[in-house]
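Student: I'd like to go over a predicted model; first the sequence, then the structure.
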Amino acid sequence: MEAKFKKGDNAVINNHPNSEMIGKTVLIEVVGHAKFKEGAGFEDQAVYRVSLNGKNLGWAPEEDLSIHSGNF
């Protein structure tokens, strides 16, 4: 499985428990893989440690992020 983003990319938050975070652009700091929601069929999934304005927001699964228009 290849990750959609790499370290240093910008991504947009599509899904977050705090609705004010949706649409914010974050920086990808670390790329990893994890198993999420095994009962729902998600097995091996890329996860990303993201930050906003230098503040670490924690880990986000790939499905909760989209490509920022500034990425090439």
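Tutor: Everything's here; your move. Numbering: from 1, shown residues only.

Student: what's the single longest strand in this protein?
Tutor: strand 25-35 (DSSP state E).

Student: give me the buried stretch members for whatever helix or strand comes next after that one, please.
Tutor: Later in the chain than strand 25-35, the nearest helix or strand by DSSP states H and E is strand 44-52. Within strand 44-52, the residues that count as buried by 16 or more other Cβ atoms under 10 Å are 45-50. All C-beta atoms are positioned from the backbone trio N, CA, C, and that covers glycine.

Student: kindly report the same for stretch 60-72.
Tutor: Quick answer for stretch 60-72 (16+ other Cβ under 10 Å): 60, 62, 64-65.

Student: save those as TSV, and put in secondary structure too.
Tutor: Listed next are these as TSV, based on DSSP: H, G, I helix; E, B strand; the rest coil:
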residue	secondary structure
Ala60	strand
Glu62	helix
Asp64	helix
Leu65	strand
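
Student: nearest to Asp9, of these?
Tutor: Nearest to Asp9 out of the buried residues of stretch 60-72 is Leu65 (Cβ to Cβ; 9.5 Å).

Student: the closest one contacts Asn10, doesn't it?
Tutor: No. Using Cβ atoms under 8 Å, Leu65 makes no contact with Asn10, being 9.8 Å away.

Student: list residues touching both of these two?
Tutor: Residues touching both Leu65 and Asn10 (Cβ atoms under 8 Å, 6 or more residues apart in numbering) are Val26.

Student: tabulate the buried residues of stretch 60-72 (JSON lines), appending pLDDT.
Tutor: What follows is the buried residues of stretch 60-72, written out as JSON lines (pLDDT from 0 to 100):
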{"residue": "Ala60", "pLDDT": "93"}
{"residue": "Glu62", "pLDDT": "91"}
{"residue": "Asp64", "pLDDT": "94"}
{"residue": "Leu65", "pLDDT": "95"}
